[in-house]
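>>> Here you go, sequence then predicted model.
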Amino acid sequence: MKREEDRTDSSRRRFAKTVAAALVAAPLARAASAQTPPAPKEAAAPPNPQPTPSPQQPPPPSPLALAYTEVARLRFGEKLSEEDMTRLRRDIVGNLRSADALRAVKLRNADEPDFVFSA
């Protein structure tokens, strides 16, 4: 029974040493990678002229965003100005894009939350 406890303690001790070494080594590795010399530039190479990017139009709102905006206009239209409706439409489009991005993340059954909730 004593041997099993010793083996557990040594693995805990080894784990603690590994964690401590990682905590010490991480800033050192970051500092070492930041001090790498920059790559030499080609001598006398003229800079390539970059075309000025044209301002991109935001993608058109999805039909779902338009439907939500129309529901809001029908329900609260008399209280909202045109500027408020424009801002509301933009917010709805952003919220739907955020929801799509969250939905795109695939979770496995073994994934746990980032925090522990207790009441």
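Structure received.
>>> quick one: the strands in the protein?
With DSSP state E as the criterion, the chain has no strands.
>>> What ranges in it fall below the confidence cut-off?
Applying pLDDT under 70 to the chain flags the ranges 1-10, 23-49, 51, 53-54.
>>> Break it into its domains for me.
Following automatic domain parsing, the chain resolves into domains at 1-32, 59-106.
>>> Compare those and give me the one nearest Phe115.
Closest approach to Phe115 among the domains of the chain (C-beta to C-beta): domain 59-106, 16.6 Å. Just so you know, the C-beta spots here come from the backbone N, C-alpha and C atoms, and that holds for glycine as well.
>>> which residues does Arg108 contact?
Shown in contact with Arg108 (C-beta atoms under 8 Å, 6 or more residues apart in numbering): no residues.
>>> I'd like the domains of the chain as CSV, with mean neighbour count appended.
Below are these laid out as CSV (neighbours: other C-beta atoms under 10 Å):
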stretch, mean neighbour count
domain 1-32, 9
domain 59-106, 12
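>>> which one of those lies closest to Asp114?
Evaluated over the domains of the chain, closeness to Asp114 peaks at domain 59-106, with 12.7 Å, by C-beta to C-beta.
>>> what's the first-to-last distance across that closest one?
One end of domain 59-106 to the other measures 25 Å (C-alpha to C-alpha, to the nearest Å).
>>> And stretch 73-88, by the same measure?
Start and end residues of stretch 73-88 are separated by 10 Å (C-alpha to C-alpha).
>>> could you dump the domains of the chain to CSV with distance to Thr52?
Compiled in CSV, these are given as follows (distance: least, C-beta to C-beta, whole Å):
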stretch, distance to Thr52
domain 1-32, 36
domain 59-106, 21
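>>> Which among the ones you listed is found nearest to Ser118?
Nearest of those to Ser118, taken as C-beta to C-beta: domain 59-106 at 24.3 Å.
>>> on that earlier part again, among the domains of the chain, which comes closest to Pro113?
Between Pro113 and these, the tightest spacing by C-beta to C-beta is seen for domain 59-106, at 13.2 Å.
>>> For the chain, which segments count as helices?
2-34, 63-76, 82-104 (DSSP state H).
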